[in-house]
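Student: Dropping the sequence and predicted coords here.
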Amino acid sequence: MKDPRIDKLAKNLIQYSVQLQPGEKVLIENFGLQRELVTALVKEAYAAGGHPFVSIKDHAVDRALLMGAQEEQYDMIASFEANVMEQMDAYIGLRAGDNISEQSDVPDEKMKIHGNTIGKKVHREIRVPKKKWVVLRYPTASMAQLANMSSEGFEDFYFDVCNLDYSKMDKAMDNLVELMNNTDKVRLVGEGTDLTFSIKDIPAVKCAGRLNIPDGEVYSAPVKDSVNGVISYNTPSPYNGFTFENVKLTFKEGKIVEATANDTDRINKIFDTDEGARYVGEFAIGVNPFIQHPMQDILFDEKIDGSFHFTPGECYEEAYNGNHSNIHWDMVMIQRPEYGGGEIYFDDVLIRKDGRFVIEELEVLNPENLK
């Protein structure tokens, strides 16, 4: 018997996340066939009067393509996929896989080909700025393993996270958005971390189930050359199939001038991808009450209750700071007491301590008020 929570998730994705309207076309792109959810999405799209299109992909097949990738070939693939994306009104990206490290041995130059073609021409230039879209993971045994949970326990956790009342969260974020829009100086403090930057005149954007599932963050971006100090991230950070740990970045006038990690050479090669890779494109505060611990999946980890992420690379158009790069690497620091604590200051006023908001207008975002 099909889990009824799948139907609820499909309904939320079609009706709330992409708000599919009669006559609109939606592309459902699935990496790793999750037949029950894809089928439920197709049915919900039809029920909304929309026209569903389905693309099934596979991570292992994608790796095989990447290993021999040539620029001319991927330009053609990108042109094909861009033509399809241009004709869509909405996009639902469903990601599932058995191996988080499937692409760990793909050479950097091959990954750059993908980023410069499909990543840029399909997603960064068309899907993200022009379409209604949402991206989500789907529970697998490998995800449960990364979360140190049983498969059944992880499924319960997954549906709690993905089917929470995002409309309630959306309203609760309004005060934080207003405060960030009126803030100049931000200071982040924690173990091995003392970082300052400005977010003046860069819009704050709330994320409450419209673009990602799970969701729960409010993001902006630092003024590009305003970042100074040091940050020591305390969560594992997968990138291109390799998991980085103990990442420490030192900034001077916005630029990463020193980067160390469990593989310092590898991380510096990533930051040498292009000029923008050593500048920051996003600053975001995570508030999802059900996500408490990292599981090496950024769609979950960047929403962790009591966390923030500080992202080297490409900025978003909605919170534009002028930084452009082929990377966008969300790195997470958790500030709850069990992770070492920490503080966030806006214009020298303490607004969050040890992962909890401490000013009255933001208390609505503390976890007990969002569940």
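Tutor: Received it, and whenever you're ready, just let me know what you need.

Student: contacts, neighbours, all on C-alpha from now
Tutor: Noted.

Student: For Val106, which three-state class applies?
Tutor: Put simply, Val106 is coil when judged by DSSP: H, G, I helix; E, B strand; the rest coil.

Student: Please tell me how far the closest residue to it other than its chain neighbours sits from Asp105.
Tutor: Nearest residue to Val106, sequence neighbours excluded (CA to CA, 6 or more residues apart in numbering): Met67, at 5.9 Å. Distance check for Met67 against Asp105: by CA to CA, to the nearest Å, it reads 9 Å.

Student: cool, Met88 as well?
Tutor: Met88 is 33 Å from Asp105, by CA to CA.

Student: Neighbour count for those two, which is higher?
Tutor: Comparing Met88 with Asp105 by other CA atoms under 10 Å, the one with more neighbours is Met88, at 20 against 12.

Student: Could you measure from that one over to Val54?
Tutor: Counting by CA to CA, the separation of Met88 from Val54 is 12 Å.

Student: what residues are shared contacts of the two?
Tutor: Common neighbours of Met88 and Val54, using CA atoms under 8 Å, 6 or more residues apart in numbering, are Leu27.

Student: quick one: Ile113 and Glu72 touch, right?
Tutor: No - Ile113 lies out of contact with Glu72 (CA atoms under 8 Å); the separation is 9.5 Å.

Student: now the helix or strand encompassing Asp156, how far from the chain's geometric center?
Tutor: For Asp156, the host element (DSSP states H and E) is helix 151-162. Relative to its chain's centre, helix 151-162 lies at 19 Å (CA atoms, centre = their mean, to the nearest Å).

Student: Tell me which helix or strand comes right after it.
Tutor: helix 166-172.

Student: For that next one, report the contacting residues that lie outside it.
Tutor: By CA under 8 Å, 6+ apart, helix 166-172 touches Lys206, Cys207, Ala208, Gly209, Gly216, Val364, Leu365, Leu370.

Student: Determine which two of those residues are furthest apart.
Tutor: Taking CA to CA as the measure, these reach their widest spread between Gly209 and Val364, a distance of 17.5 Å.

Student: higher neighbour count, these two?
Tutor: Between Gly209 and Val364, counting by other CA under 10 Å, Gly209 is the more crowded of the two (27 against 18).

Student: Phi, psi for His309 please.
Tutor: Taking degrees, to the nearest 10, you get phi -130, psi 150 for the backbone angles of His309.

Student: And it, how close does it get to Glu178?
Tutor: The separation that His309 has from Glu178, given CA to CA, amounts to 19 Å.

Student: Out of the contacts of helix 166-172, show me where the pLDDT dips lowest.
Tutor: Lowest pLDDT of the contacts of helix 166-172: Gly209, 87.

Student: what secondary structure does that one sit in?
Tutor: Counting by three-state DSSP, the backbone at Gly209 sits in coil.

Student: First-to-last residue distance for stretch 279-298?
Tutor: For stretch 279-298, the end-to-end distance is 20 Å (CA to CA).

Student: pLDDT-wise, which helix or strand of this protein ranks last?
Tutor: Using mean pLDDT, DSSP states H and E, the weakest-scoring helix or strand in the chain turns out to be helix 141-146, at a mean of 83.

Student: List the buried residues for stretch 94-113?
Tutor: Residues Leu94, Arg95, Ala96, Gly97, Ile100, Glu102, Gln103, Val106, Lys110, Met111, Ile113 are the ones in stretch 94-113 that count as buried (16 or more other CA atoms under 10 Å).

Student: Need the contact partners of that stretch.
Tutor: Identification of contacts with stretch 94-113 by CA under 8 Å, 6+ apart yields 28-34, 59-60, 63, 66-71, 74, 135-143, 240-242, 326.

Student: In PyMOL, how would I select just the buried ones from those?
Tutor: Restricted to buried positions by 16+ other CA under 10 Å, the PyMOL selection for the contacts of stretch 94-113 reads:
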select buried, resi 28+29+30+31+32+33+34+59+60+63+66+69+74+135+136+137+138+139+140+141+142+143+240+242+326
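
Student: Which residue lies nearest the spatial centre of the protein?
Tutor: With distances taken as CA atoms, centre = their mean, the residue of the chain nearest its centroid is Leu299 (4.6 Å).

Student: which residue packs closest to that one, ignoring adjacent ones?
Tutor: Distances taken as CA to CA, 6+ apart put Pro214 closest to Leu299, at 6.7 Å, once the chain neighbours are dropped.

Student: hang on, isn't that neighbour packed against Asp297?
Tutor: No - in this structure, Pro214 is not within contact of Asp297 by CA under 8 Å, at 11.0 Å.
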